[in-house]
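Q: attaching a predicted model along with its sequence, questions to come.
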Amino acid sequence: MSQPVVEPQPAKAAPPAFESWGRYPKYNAKIVPLNWQSDFPSVMTGLHGGALPVGLGRSYGDVCLLKDGNLLQTTGMDRMLDFDPETGILTAEAGVSLAKVLDFAVPRGFFLPVTPGTKYVTLGGAIANDIHGKNHEAAGSFGNHVPSFELVRSDGSRRICSPNQNADWFAATIGGMGLTGVITWAQLRLRPIVSRKIDYEGIQFHGIDEFLDLKQRYQDVEYTVSWVDCASTGRNFARGIFMLGEHSKVPGKLKPSSEPKLAFPFDLPGFALNYTTVSLFNSLFFHKQIKAHVKTVEDYEPFFYPLDAVLHWNRMYGKRGLVQFQYAIPWEHAKEGTIEILREIAKSGLASFLAVLKAFGEIPSLGTMSFPQAGIMLALDFPIKPDLTFPLLKRLGDMTVEFGGRLYSAKDAAMTPAQFQAFYPHWQRFAQYRDPLLNSSFWQRVTGGKSTL
Amino acid sequence: MSTLATQPVAAAILVDPNLKIAKKILVLGATSGIAEATCRIWAAEGAQLFLVARNAEKLAAVAADLKLRGAAYVGTAVADLDDTDKHAELLTHAVNSLTGMDIAFLAHGILGDQARGEQDFEHAAQIVYTNFMAPVSLLTWLANYCLQRHAGVIAVLSSVAGERGRKSNYVYGSSKAGLTAFLSGLRNRVDHEGVTVITIKPGPVKTSMTAGMKGAEKFADVNKVAATIVKAIDRRVDTLYVPFLFLPIMFIVRHIPERIFKKLNL
């Protein structure tokens, strides 16, 4: 062990070089770029404090942070290596963004098999968090579409992992939060499309029963998601818009997307988002769709990535940032759990912008630590009000445990070790696959585990 | 329109200025950050590329990527460009593989370690050899090849560091100063023969070469630098400062009187 180096504290701390999307918590770390598949583990020589592979920092809490450690940023490792138009299988380095994958795939008549709500995530990050999309019922999560990848460990060993080869490493790495090693390249099975367009329908609903009816009625539609107003109580409790989409079957132009032009220019002051402004926003959104039922054809960009049109939208929450809360509760308690939790949120007055409500399907995820499970999923943001937000999150986490659900590590900044271990009962089995030199602030928080460096 | 459609293809190329013929481009040091970003633009334009780099694994990844991004052809050769004895063979193979050459892009080089170079002549000599001697050998062959054909663009990455020696990187800087002077003379020799020599002087750019350097987060974006380089080559400029701001900055740096300059902490 080397002597700890005491560094003088600057009067005003500079913002950390790497922030998660929620901008909370903020930890200093050293960024070490991985530009080549051979860079890891050689870059580890002389580094102290452990390391964590990271991509574009779109996860919200501390799953992509390592306090006083080294963040191995993979975004320079962004080469596409092979594409087979017969099978749709793309092989690419792990740091390539899904935006770049789309730029490549769409003009060739292909699309992501599963896409999150932002395209600014890396391929490696999508695997490490086993992300899901609006088509979970039809497609499962991201890992279900990854035929194989290479995992490199800090001891220099390299493994090709697939459901048949090194299957245990495959299962540990999908949803493994970057802790099992560095993914250098991965394969992704793209799906064919004939148009950029999405046949879209939006339907207003009032209450969870109406939501469940709609879910049942449209269970054959590929993409479904709902936005629900969780600031309202009484008559408007759990009102929302049920949104459906399918890739248009009418052949159309397959141009790549243009670069976003808008960027949120500065941090809003902390008081800008309060109960009144958020309620107003939610009302406006609900009534933007004046008719109870809308049918239209739109481009895939606003359908899948409405917030990507404004870069750095997280600045809206100011310097203090935001926390996300996202659960998946199995069907057994899904309805009562959702109603109780929405009530608790509305009662708290810590209004959120619209929350995302969705049913998860039956296709099992392949990762030991994957989040999705059949049932209801709810996701929402909270502005950080230290005295109020964290006690609320503790209550909501406990309620999620009680209803047999789990929270999403990639969106979390608050779950307790007891909650985590209840959500992910296989965590100790997973821990055996963690690379001894890799760690994250999330992992340290929920396990009490310390870096072995 | 209908008359045009009946013309043979060669005539259509003459008639339509927008119809681009695939450029044949030789890239030396193709795995360098600036070279790779530049090649991505050329690949998207459907260029034919021949890539030379030292590390086979890195070169293979870059080549596969450029092919998928649209390059009409990607040939590769693994070579240590310090090995000047092999240059003629290597360059012959490259232009044969491309069946010609419109552009040669020299992008290899090392930053080296200034502090080490101050103590260790071997290291200083290595920096000068890789950044100056090896390009001189390559440029001599390439210039004569282009002269025979009265055509061709030779674009070379020098550096703003070659404008004036500073204590923080004068070994690297002097190697680039030599290169800049050589290119200026070469241009003077070949320009009237229809051969273009372009001296590219990048300021600090965010690449793996500069990773970890102080202030690296403020360095120029490599993709923007690459786009500027592609445009400058199309326009056949003589010298290019990129980002453009370095033109006035280096003007000032060059004109500070030495009695003041020597006291500055640069």
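A: Looks like it arrived, so ask away.
Q: which residue ranges of the stretch 101-250 of chain A form strands?
A: Here the stretch 101-250 of chain A has its strands, by DSSP state E, counting those that start in this stretch, at A:110-111, A:149-152, A:158-161, A:182-189, A:191-192, A:197-206, A:223-228, A:239-247.
Q: before we move on, what about the stretch 251-400 of chain A?
A: Taking DSSP E, counting those that start in this stretch as the criterion, the stretch 251-400 of chain A carries its strands at A:262-263, A:293-299, A:310-311, A:322-329, A:355-360, A:375-383.
Q: chain neighbours aside, what residue packs nearest to the closest residue to chain B within the stretch 201-350 of chain A?
A: Among the residues of the stretch 201-350 of chain A, residue A:256 lies closest to chain B, at 10.3 Å counting by Cβ to the nearest Cβ. Glycine gets a C-beta too; all of them are placed from N, C-alpha and C. Sequence neighbours aside, residue A:103 is the residue nearest to residue A:256 in space, at 4.5 Å (criterion: Cβ to Cβ, 6 or more residues apart in numbering or on different chains).
Q: what do you get for residue A:140?
A: The shortest distance from residue A:140 to any residue other than its chain neighbours is 3.5 Å, reached at residue A:363 (Cβ to Cβ, 6+ apart).
Q: need phi/psi at the one you found.
A: Backbone dihedrals for residue A:363, given as degrees, to the nearest 10, come out at phi -70, psi 120.
Q: now residue B:236
A: As for residue B:236, its main-chain torsions (degrees, to the nearest 10) stand at phi 60, psi 50.
Q: mind listing what it touches?
A: Contacts of residue B:236 were listed using Cβ atoms under 8 Å, 6 or more residues apart in numbering or on different chains, and they are B:153, B:196, B:198.
Q: 7 Å instead?
A: With contact taken as Cβ atoms under 7 Å, 6 or more residues apart in numbering or on different chains, residue B:236 is in contact with B:153, B:196.
Q: can you pull the contacts of residue B:54?
A: Going by Cβ under 7 Å, 6+ apart, the list of residues near residue B:54 reads B:78, B:79, B:80.
Q: give me the three-state assignment for residue A:35.
A: coil (DSSP: H, G, I helix; E, B strand; the rest coil).
Q: in three-state terms, label the closest residue to it other than its chain neighbours for me.
A: With Cβ to Cβ, 6+ apart as the criterion, residue A:35 has its nearest non-adjacent residue at 3.7 Å, and that residue is residue A:76. Following three-state DSSP, we place residue A:76 in the coil state.
Q: I'd say residue A:76 and residue A:31 touch.
A: No - the pair residue A:76 / residue A:31 is not scored as a contact, 11.0 Å apart, by Cβ atoms under 7 Å.
Q: what about those two, which has more around it?
A: Set residue A:76 next to residue A:31 and count neighbours by other Cβ atoms under 10 Å in any protein chain shown: residue A:76 wins out with 20 against 16.
Q: now residue B:109: how far from chain A?
A: In this structure, residue B:109 lies at 16 Å from chain A, with Cβ to the nearest Cβ, to the nearest Å as the measure.
Q: OK, contacts around that residue?
A: Contact criterion Cβ under 7 Å, 6+ apart gives B:29, B:130, B:131, B:157 as the residues in contact with residue B:109.
Q: try it again at 10 Å.
A: With Cβ atoms under 10 Å, 6 or more residues apart in numbering or on different chains as the criterion, the residues that contact residue B:109 are B:28-29, B:32, B:34, B:81, B:127, B:130-132, B:134-135, B:156-159, B:172, B:175-176, B:179, B:209.
Q: buried among the residues you listed? Make that a PyMOL selection.
A: Of the contacts of residue B:109, the buried ones go into a single PyMOL selection, burial set by 16 or more other Cβ atoms under 10 Å in any protein chain shown:
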select buried, chain B and resi 28+29+32+34+81+127+130+131+132+134+135+156+157+158+159+172+175+176+179
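Q: circling back: counting neighbours, what do you get for the residue nearest to residue A:140?
A: For residue A:363, the count of nearby residues is 15 (other Cβ under 10 Å).
Q: and the contacts of residue B:54, which is closest to chain A?
A: For chain A, the closest of the contacts of residue B:54 turns out to be residue B:78, at 14.4 Å, with distances computed as Cβ to the nearest Cβ.
Q: which stretch of helix or strand covers residue B:156?
A: Using DSSP states H and E, residue B:156 sits within strand B:153-157.
Q: flag every buried residue along the next helix or strand after that strand.
A: For strand B:153-157, the following helix or strand on the C-terminal side (DSSP H and E) is helix B:170-190. Applying a neighbour-count criterion of 16+ other Cβ under 10 Å, the buried positions in helix B:170-190 are B:170-180, B:182-183, B:186-187, B:190.
Q: show me what contacts residue A:15?
A: Going by Cβ under 10 Å, 6+ apart, the list of residues near residue A:15 reads A:23, A:26, A:28, A:319.
Q: still on that earlier bit, let's have the strands of the stretch 251-400 of chain A in TSV, adding mean pLDDT and mean neighbour count.
A: What follows is the strands of the stretch 251-400 of chain A, written out as TSV (pLDDT from 0 to 100; neighbours: other Cβ atoms under 10 Å in any protein chain shown):
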stretch	mean pLDDT	mean neighbour count
strand A:262-263	71	11
strand A:293-299	92	12
strand A:310-311	80	16
strand A:322-329	95	25
strand A:355-360	95	23
strand A:375-383	94	24
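Q: what sits against the nearest residue to residue A:448 once chain neighbours are set aside?
A: In space, residue A:448 comes closest to residue A:417 once its chain neighbours are excluded; the distance is 6.2 Å by Cβ to Cβ, 6+ apart. Contact analysis of residue A:417 by Cβ under 10 Å, 6+ apart lists A:427, A:445, A:446, A:447, A:448, A:449.
Q: what residues does the stretch 51-200 of chain A put near chain B?
A: A:73, A:76-83, A:90-93, A:96, A:100, A:103-104, A:107-108, A:184-185 (Cβ under 10 Å from any Cβ of the partner chain).
Q: restricted to helices, list those residues.
A: Using DSSP state H to define helices, the subset of these located there is A:100, A:103, A:104.
Q: state the pLDDT value of the second one.
A: Which is residue A:103. The predicted structure scores residue A:103 at 95 on the pLDDT scale.
Q: what is the neighbour count of it?
A: With other Cβ under 10 Å as criterion, residue A:103 counts 16.
Q: likewise the one 5 residues further on?
A: Here the count is done by other Cβ under 10 Å, and residue A:108 has 16 residues near it.
Q: which residues touch it?
A: Shown here is residue A:108, whose contacts under the criterion Cβ under 10 Å, 6+ apart are A:83, A:85, A:88, A:90, A:190, A:192, A:193, A:254, B:68.
Q: now the helices for chain B?
A: B:2-6, B:9-15, B:33-44, B:56-68, B:87-98, B:114-119, B:121-128, B:134-149, B:170-190, B:222-235, B:246-255, B:258-261.
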